[in-house]
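*Asks:* Have a look at this prediction, sequence included:
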Amino acid sequence: MDLIFERYDWIPTEAAKALIRNNGPVLAYIGGKEGAFTGKDHNFLPGETVEKQIIVINNSRVTVECECEWRLGLPRAVKGERKVTIKTGEQERVAIKFKLPETLPPGEYTLALKARFAGGEIQEDSFAVHVLPAVSFAEQKGKIALFDPAGETRRLFERVGVPFRVVEAMADLSGFDTLVIGKGAMSLEKLGPDVGRVREGLKVVVFEQTAEVLERRFGFRVAEYGLREVFHRVPDHPLLKGIGPEHLRDWRGEATLVPPRLKYSTSARFNGAPAIKWCDIEVTQAWRCGCRGNVASVLIEKPAAGDFLPVTDGGFSLQYSPLMEYREGKGMVLFCQMDVTGRSDDDPAALTFLRNIFEYVGEWKPSPFRKAVYVGEPGGRRHLEDIKVALSKDGIDRMTPEDVLVVGPGGGEQLAGREKRISGWIKAGGRVLALGLDEKEANAFLSDKISMKREEHIAAFFEPPGMDSMLAGVGPADVHNRDPRVLPLVKGGADRPLKNVHLLQDDTVKVWGNGVLAEAAGSRVVFSQVAPWHFDHRKQMNLKRTFRRTAFLTSRLLSNMGVSMETPLLSHFRRPVSSRYEKRWLAGLYLDTPEEWDYPYRFFRW
């Protein structure tokens, strides 16, 4: 009989009977520690104690005996055994406890169970114990100011040894390198810190804020939908140092940013169903059933405008990021919606995140900005203007190697005959972003010829690109096309076309996925075959999410190339919300107007 591998911790008798009804008369598995409500805690530090329990359930018609043997695969294995007798309809729990050695190397260690029942049946289960390195907070670089009226972040900093100076909203920040805005520090009505100096080099770290503040004050679209697992989007980012994908799920204890039970109203419009307000629209949402194990409770939808780099993402269609870096001018703002503050029990991965944040921010330096020159159909220019791209007025003939040439459909014809000049400009440091070009147009102005093939595109898979890639922060969900159509997909260089697999490269061309994205000329030329303005969501509702994701994709590619985009975000820190009629989420960060059916968790179950 197969085991159930979810790590249940507490199962009432009736639930237990329902659980095993289709799985045979007896069941043995590894659950959480005694008295807890979850068995999924799996991140530990050397020297800590691992507490679990073996749960044996008898749904047969006779009393059964079971011999349980368990083994934790440390360098010096720890073993144990116990024989239990379970009456019909009952369950027996065997508490097991292991102290990890202080010098235990980081890694994954397996807790294995073998259960032998008197009738001859043998069952096995296992649980992965992930050990992370001990977290130490070295001396931080730069002076840190902390704005934290609620005090939770201050208490965390004092406990782990982060040096800081508490400041008020009206404080002069000119003597500080970094401003930290603590968990729940911002409200709708009160003045906030003036972060305009970000453009001159100030660095700001914003810890967990409520959905109301993120939406109504900062202008983000959000989802208050706790995630118990998030994913790497930039796997080699310094913020993820020492944190693998296996560490980004089922954190210890409870997150405390939102209450365990959903605050909702009963909707007359939806026959008494629980409803919330999202972008001032009444939408239904199922009851929340606790915050235990949450990694991120309030999620930010990736904006279509601005230089936002998602380091982790998750949620519906991976369209949300709980750890996102925003850059404007010479400074940056790091939004950390990962539940690292005020947890009921510290998780080693959360503490590692906290250390990484201060190490990264302390070392962070701005990179040079570039202006964009656009050539192509008018729809592309309007889109770039909508996302506030700094377009150069000098034109093609006055481009410098510090510029980015953005070429939309129709641009190849305008650039034809300039191959040698553009080739020399690229070699000198110029960069090209080609949006929705076919093979003929691309080869009209590029010296290194490209091979394309017109094929239907719906979706493509590729591993997350690294920090040094021009595709950093981009994922397969950003090229998911909900309106299948034939596109010119890049297949490689003209002389050496590549096969259609996840990621291939020759001497000049690197193809991502099925060729919907590609890099050439040492990553100085990037191809994106999905132009966002070609998805008219105003005429066809199901194109809306595709438009949003490809709009984010385009702004991310431009940002990776160094193109600057300004948004109203920095001004929102200082300025309170003037009235309940102010709707900041409608202007600045997104390009479409939200509607009821846009909320992905409408009617979804927890």
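*Replies:* Noted; the coordinates are in hand.

*Asks:* what pLDDT does the nearest residue to Thr153 once chain neighbours are set aside get?
*Replies:* Nearest residue to Thr153, sequence neighbours excluded (CB to CB, 6 or more residues apart in numbering): Gly182, at 3.2 Å. Just so you know, the C-beta spots here come from the backbone N, C-alpha and C atoms, and that holds for glycine as well. Note for Gly182: predicted pLDDT of 97.

*Asks:* Surely Gly182 touches Arg154?
*Replies:* Yes. At 6.6 Å, Gly182 counts as touching Arg154 under the criterion of CB atoms under 8 Å.

*Asks:* okay, the two: which has more neighbours?
*Replies:* Gly182 (27 against 19; other CB atoms under 10 Å).

*Asks:* For that one, give me its contacts.
*Replies:* Contacts for Gly182 (CB atoms under 8 Å, 6 or more residues apart in numbering) come out as Leu146, Phe147, Asp148, Pro149, Ala150, Gly151, Glu152, Thr153, Arg154, Phe207, Thr341.

*Asks:* before we move on, what about Arg454?
*Replies:* Arg454 touches Asp438, Val486, Leu487, Pro488, Leu489, counting by CB under 8 Å, 6+ apart.

*Asks:* I only care about those residues that end up buried; give me the PyMOL line for that.
*Replies:* Burial among these is assessed by 16 or more other CB atoms under 10 Å; the matching PyMOL selection reads:
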select buried, resi 438+487+488+489
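
*Asks:* taking the contacts of Arg454 one by one, which sit in strands?
*Replies:* Per DSSP state E, strands hold the following members of these: Val486, Leu487, Pro488, Leu489.

*Asks:* Show the end-to-end separation of stretch 412-429, please.
*Replies:* For stretch 412-429, the first-to-last residue distance is 20 Å (CA to CA, to the nearest Å).

*Asks:* Likewise for stretch 405-414?
*Replies:* End to end - CA to CA - stretch 405-414 spans 13 Å.

*Asks:* quick one: it to chain centroid distance?
*Replies:* 33 Å (CA atoms, centre = their mean, to the nearest Å).

*Asks:* the helices in the stretch 151-300 of the chain, which residues?
*Replies:* 152-160, 211-212 (DSSP state H, counting those that start in this stretch).

*Asks:* what packs against the last one?
*Replies:* Contacting helix 211-212 under the criterion 3 or more CB pairs under 8 Å, 6 or more residues apart in numbering; DSSP states H and E are the following elements: strand 222-227.

*Asks:* neighbouring strands for the strand it packs on, and are they parallel or not?
*Replies:* strand 296-301 (antiparallel) (DSSP bridges).

*Asks:* Could you pull up the mean pLDDT of the strand it pairs with?
*Replies:* On average, strand 296-301 scores 97.

*Asks:* next structured bit after that strand?
*Replies:* strand 307-314 (DSSP states H and E).

*Asks:* what's the offset of that following strand from the middle of its chain?
*Replies:* 5 Å.

*Asks:* Can you name the residues in contact with it?
*Replies:* So strand 307-314 is in contact with 227, 229-234, 237, 239-240, 248, 295-296, 299, 302, 319-328, 338, 472-473, 475, 552, 555-556, 559, 564-565, going by CB under 8 Å, 6+ apart.

*Asks:* Need the outlier residue of the protein, farthest from its centre.
*Replies:* Distance from the C-alpha centroid of the chain, by CA atoms, centre = their mean, peaks at Val62 (49.9 Å).

*Asks:* if we can go back for a sec, make a markdown table out of the helices of the stretch 151-300 of the chain and add mean pLDDT and distance to Ala128.
*Replies:* Output for those, formatted as a markdown table (pLDDT from 0 to 100; distance: least, CB to CB, whole Å):
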| stretch | mean pLDDT | distance to Ala128 |
| --- | --- | --- |
| helix 152-160 | 94 | 26 |
| helix 211-212 | 96 | 33 |
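
*Asks:* Reformat these as JSON lines; add distance to Glu596.
*Replies:* Below are those laid out as JSON lines (distance: least, CB to CB, whole Å):
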{"stretch": "helix 152-160", "distance to Glu596": "34"}
{"stretch": "helix 211-212", "distance to Glu596": "17"}
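
*Asks:* hey, which of these is tucked in deepest?
*Replies:* helix 211-212 (a mean of 19; mean count of other CB atoms under 10 Å).

*Asks:* Quick one: buried ones out of the contacts of strand 307-314?
*Replies:* Buried among those by 16+ other CB under 10 Å: 227, 230-234, 237, 239-240, 248, 295-296, 299, 302, 319-328, 338, 472-473, 475, 552, 555-556, 559, 564-565.

*Asks:* Listing partners with orientation, what would you give for the helix or strand where Leu113 lies?
*Replies:* Using DSSP H and E, Leu113 falls within strand 107-117. Sheet pairing of strand 107-117 (DSSP bridges) gives strand 64-72 (antiparallel), strand 122-131 (antiparallel).

*Asks:* which other residues reach the first one?
*Replies:* Counting by CB under 8 Å, 6+ apart, strand 64-72 makes contact with 26, 28, 30, 50, 54, 56, 58, 77-86, 92, 94, 96, 98, 109-119, 129, all of which sit outside it.

*Asks:* Same question for the longest one.
*Replies:* By CB under 8 Å, 6+ apart, the list of residues contacting strand 122-131 from outside reads 1, 3, 5, 7, 26-30, 42-46, 50, 52, 72, 100, 104-117, 246-247.

*Asks:* Stretch 370-380 too?
*Replies:* Counting by CB under 8 Å, 6+ apart, residues outside stretch 370-380 touching it are 381, 384, 389-392, 394-396, 399, 402-411, 414-415, 431, 435, 531, 533-534, 558, 561-564.

*Asks:* Give me the buried subset of those.
*Replies:* 381, 384, 389, 392, 396, 399, 403-411, 415, 431, 435, 531, 533-534, 558, 561-564.

*Asks:* Sort out which of the residues you listed are in strands and list them.
*Replies:* Those of the buried ones among the contacts of stretch 370-380 lying in strands (DSSP E): Val404, Leu405, Val406, Val407, Arg431, Leu435.

*Asks:* who's the last one bridged to?
*Replies:* Meaning Leu435. Bridge pairing for Leu435 - DSSP bridges - gives Ser528.

*Asks:* Distance-wise, check it relative to Gln529.
*Replies:* 8 Å (CB to CB, to the nearest Å).

*Asks:* Number of residues surrounding Leu351?
*Replies:* Residues near Leu351, counting by other CB under 10 Å: 21.

*Asks:* same check, this time on Pro600
*Replies:* Neighbour tally, Pro600, other CB under 10 Å: 17.

*Asks:* Might you report the residue contacts of it?
*Replies:* Counted by CB under 8 Å, 6+ apart, Pro600 has contacts Ala223, Gly315, Phe316, Ser317, Gln319.

*Asks:* Would you list the phi and psi of it?
*Replies:* phi -70, psi -20 (degrees, to the nearest 10).

*Asks:* And for Ala150?
*Replies:* phi -70, psi -30.

*Asks:* Setting aside sequence neighbours, what's the nearest residue to it?
*Replies:* That would be Gly184: by CB to CB, 6+ apart, it lies 4.6 Å from Ala150.

*Asks:* For the one you found, give me phi and psi.
*Replies:* Reported as degrees, to the nearest 10, the phi and psi values for Gly184 are phi 70, psi 20.
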